[in-house]
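S.K.: Below is the sequence, then the predicted model.
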Amino acid sequence: MQIGNHVLRNNLFVAPMAGVTDRPFRQLCKRLGAGVAVSEMVASNSLLWGSEKTRRRANHEGEVDPISVQIAGADPQMMGDAARFNVDHGAQIIDINMGCPAKKVCNTHAGSALLRDEVLVGRILEAVVQAVPVPVTLKFRTGWDKESRNALTITRIAEQSGIRLLSLHGRTRACGYSGHAEYDTIREVKRATHLPVVANGDICSPQDARHVLQYTGADGVMIGRAAQGRPWIFREIAHFLDTGEELPPPLVTEIHQVLVEHLHALYDFYGRDTGVRIARKHISWYTKGLANSASFRHMMNRLESCEQQLAAVDAFFLQVGQQALRLQYASEDSTSKDGASGEGASEDALAHAPARALAA
Ligand SMILES: Cc1cc2nc3c(=O)[nH]c(=O)nc-3n(C[C@H](O)[C@H](O)[C@H](O)COP(=O)(O)O)c2cc1C
């Protein structure tokens, strides 16, 4: 699979997730098998560019190619400027967000709210494509609501505007994250376009990935919540798609090591104080469903220093390793309630529950 000149290692995409797909997480997912990892969205509002958050989101030091940055906004000129800004800071692919259902984004007519204004969609896509010399991709939902599903029209506009790849989440904006994603619209879009199509929504396992690829005919799959705390899902999917066989669950010692490296990367990236706080939700996701993890998470959320956090993680994984060689998660049902949340949890708590739990 290729986006512009970028030949991808495989067709497995990490979905952009605000508050989750920061540089440390993207690097980890790529190391563990993902072909592309799209950044958290960057607001096109130039007034925000000086903020620490935006500067951090534009930091790609050491990131493995291709570097894909998502931008969000509703003004064509500002979106073009934002695309240029990010290309100047290392973006090799610009992704446009027309899928975010969050009120704080839709109230500014950005994200999935744009799907209600097809003329504006065309103007934004053209402005961004013309603004930058790198490939521009579009991530969108199937429509604003079930009565106004317009994914096919948006696809046509995208083709005419010079978009190079589509990722489609099989839900409308009105669906939020409820119910199950549908793949019929993704299949229709794939049949109707020459553009590469990446299917997204509720893909939680290697078997899901194969089913969605076969059913929709899509060129790739994009995984969001199922990768939270399980960045190795990409190598599991890649192996299954290549061989038809499931990898055994990873060794406890390996994931202990992966998590410790992830924590150090977060402390380095955010600084120690913020890093410890950001790390909590990741630790929660890694350990959810493992034996005795509820009390561990409860205790861990009160620890304030890197040293305490690392020591607690070490102790927990040593204990897990004494019980089994490989990770063993409890059944989906017993994992469906989780205190972990990402950025914007107040918007829609369900959005932040791992998809594997939602599917239960
Ligand atoms: C915490 C969280 C943050 C998200 N942030 C973004 C975002 O910044 N941009 C975007 O296009 N989609 C965002 N999404 C939507 C995901 O990219 C993806 O489309 C959605 O979660 C469905 O895929 P999944 O079922 O594999 O999780 C977010 C989702 C979650 C759960």
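M.R.: Alright, I've got the coordinates. Predicted, not measured: the structure shown is a model, and the values here were computed from it.
S.K.: all contacts plus neighbour counts: C-alpha atoms, from now on.
M.R.: Will do.
S.K.: Report the separation between Y286 and G90.
M.R.: Counting by C-alpha to C-alpha, to the nearest Å, the separation of Y286 from G90 is 30 Å.
S.K.: Sorry, slip of the keys, the one I care about is V132.
M.R.: For V132, the distance to G90 equals 12 Å [C-alpha to C-alpha].
S.K.: what about those two, which has more around it?
M.R.: Between V132 and G90, V132 has the larger neighbour count (other C-alpha atoms under 10 Å), namely 21 against 18.
S.K.: Look up the closest residue to the more buried one, ignoring the ones flanking it.
M.R.: Using C-alpha to C-alpha, 6 or more residues apart in numbering and skipping residues adjacent in sequence, the residue nearest V132 is R84, 5.8 Å away.
S.K.: which stretches of the stretch 1-150 of the chain form strands?
M.R.: For the stretch 1-150 of the chain, applying DSSP state E, counting those that start in this stretch gives strands covering 2-3, 6-7, 12-14, 36-43, 67-72, 93-98, 136-141.
S.K.: How about residues contacting the last one?
M.R.: Residues from elsewhere that reach strand 136-141, judged by C-alpha atoms under 8 Å, 6 or more residues apart in numbering: 93-100, 112, 128-129, 151, 158, 162-173.
S.K.: The first one too?
M.R.: Outside strand 2-3, the residues that touch it by C-alpha under 8 Å, 6+ apart are L8, P135, R164, L165.
S.K.: out of these, which touch the ligand?
M.R.: Checked against the ligand using C-alpha under 6 Å from any ligand atom, the contacts of strand 2-3 yield no neighbours at all.
S.K.: Save those as CSV, and put in neighbour count too.
M.R.: As requested, the contacts of strand 2-3 are arranged in CSV below (neighbours: other C-alpha atoms under 10 Å):
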residue, neighbour count
L8, 16
P135, 20
R164, 22
L165, 24
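S.K.: just curious, which of those residues is nearest to L263?
M.R.: Closest to L263 out of the contacts of strand 2-3 is L8 (27.4 Å), distances taken as C-alpha to C-alpha.
S.K.: G35 is in contact with that closest one, correct?
M.R.: Yes: between L8 and G35 there is a contact at 5.7 Å, judged by C-alpha atoms under 8 Å.
S.K.: show me where pLDDT drops low in the stretch 51-200 of the chain?
M.R.: Where the stretch 51-200 of the chain drops to pLDDT under 70, the residues are 106-107.
S.K.: How about the residues of it by the ligand?
M.R.: Neighbours of the ligand within the stretch 51-200 of the chain, by C-alpha under 6 Å from any ligand atom: N97, G99, C100, K139, H169, N200.
S.K.: where's the residue of the chain positioned farthest from its centre, which helix or strand?
M.R.: Residue farthest from the centre of the chain, counting by C-alpha atoms, centre = their mean, is Q322 at 32.9 Å. Here Q322, judged by DSSP states H and E, is contained in helix 306-323.
S.K.: Quick one: distance of that helix to the chain centre.
M.R.: Distance, stretch centre to chain centre, for helix 306-323: 27 Å (C-alpha atoms, centre = their mean, to the nearest Å).
S.K.: With stretch 225-244 instead?
M.R.: 14 Å.
S.K.: With stretch 168-182 instead?
M.R.: The chain centre lies 15 Å from the centre of stretch 168-182; the measure is C-alpha atoms, centre = their mean.
S.K.: cool, stretch 267-277 as well?
M.R.: The gap between where stretch 267-277 is centred and where its chain is centred comes out at 21 Å by C-alpha atoms, centre = their mean.
S.K.: between the contacts of strand 2-3, which is nearest R230?
M.R.: The closest of these to R230 turns out to be L8 (C-alpha to C-alpha; 21.4 Å).
S.K.: Report the contact partners of that closest one.
M.R.: M1, Q2, G35, V36, P66.
S.K.: Could you give me the buried positions within stretch 239-250?
M.R.: Neighbour counts over stretch 239-250 (16 or more other C-alpha atoms under 10 Å) mark H239, F240, L241 as buried.
S.K.: Which ones among those residues lie within strands?
M.R.: Judged by DSSP state E, the subset of these located in strands is empty.
S.K.: of those residues, closest to I124?
M.R.: L241 (35.9 Å).
S.K.: count of residues packed around the nearest residue in space to that closest one that is not next to it in sequence?
M.R.: Closest residue to L241 apart from its sequence neighbours, by C-alpha to C-alpha, 6+ apart: R210 at 6.6 Å. Counted with other C-alpha under 10 Å, residues neighbouring R210 total 18.
S.K.: Fine by me, we can end here.
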